[in-house]
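My questions concern the predicted model and sequence given below.
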Amino acid sequence: MNIFPKNKENCAYLTRLESDIKKALDNSGVSLDILWLVIEDFSDIYEERTEAFFILFREMLRRGHLKLQRDGEIIEHSPEEWEKIFRAVWPSSDMPYGAYEGDIVIWFTDDPCPAYAVWVDPEDGSLYWAG
């Protein structure tokens, strides 16, 4: 699997991937919106932030720092399969509810989101289910 994207903006994101993984792990235990919040300052352009989110999302799954669950059961898919599932229902803007700019953070805990976070402690493998 090649995590290195071809477009320039996503290559720029890769320069900060490791620090974003650390930030996400420092705040794990919360919903998947933490991944969005970690990359939010990467770009003012929603599409570029979306691509950065998916790079971080895939890498967290690939490294085993993140599992995904629905209805209390962990669902096993490859990082690429999860990306495809999420992209199929991904909001077209960061205002899917029309409430306020950035209300996409609500989406990560709402029914349209295909699955929810289960964080894996990198030290001992303990699981932390996001509420």
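Perfect, thanks for sending it.

Flag the shaky bits of the protein, pLDDT-wise.
Scanning the chain for pLDDT under 70 picks out 1-10, 131.

Geometrically speaking, which residue is the centre of it?
Computing the C-alpha centroid of the chain and ranking residues by Cα atoms, centre = their mean puts residue 57 first, at 3.8 Å.

could you measure the residue nearest to it when sequence neighbours are not counted against residue 128, distance?
Once flanking residues are discounted, residue 57 sits nearest to residue 35: 5.8 Å by Cβ to Cβ, 6 or more residues apart in numbering. Yep, even glycine has a C-beta here, placed from its N, CA and C like the rest. To residue 128, residue 35 is 15 Å away according to Cβ to Cβ, to the nearest Å.

What of residue 50?
Where residue 128 is concerned, residue 50 sits at a distance of 25 Å (Cβ to Cβ).

And the two? Which one has more around it.
residue 50 (20 against 13; other Cβ atoms under 10 Å).

which element is the more buried one on?
Taking DSSP states H and E as the criterion, residue 50 maps to helix 46-62.

Beyond that helix, next helix or strand please.
strand 66-70.

Tell me the neighbouring strands of whichever helix or strand comes after that following strand, and mark each as parallel or antiparallel.
Next along the chain after strand 66-70, taking DSSP H and E as the criterion, comes strand 73-75. Sheet pairing for strand 73-75, assigned by DSSP bridges, gives strand 66-70 (antiparallel).

Could you count how many residues lie near residue 51?
19.

what are the ranges of the helices in the protein?
8-14, 17-26, 33-39, 46-62, 79-89, 104-107 (DSSP state H).

Need the CA coordinates for the shortest one. PDB is fine.
Meaning helix 104-107. The C-alpha coordinates for helix 104-107 follow below in PDB (Å, rounded to 0.1, in the frame of the first residue of the first chain):
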ATOM      1  CA  ILE A 104     -18.900  18.400  10.700                       C
ATOM      2  CA  VAL A 105     -17.700  17.500  14.200                       C
ATOM      3  CA  ILE A 106     -21.300  16.500  15.000                       C
ATOM      4  CA  TRP A 107     -21.300  14.100  12.000                       C
END
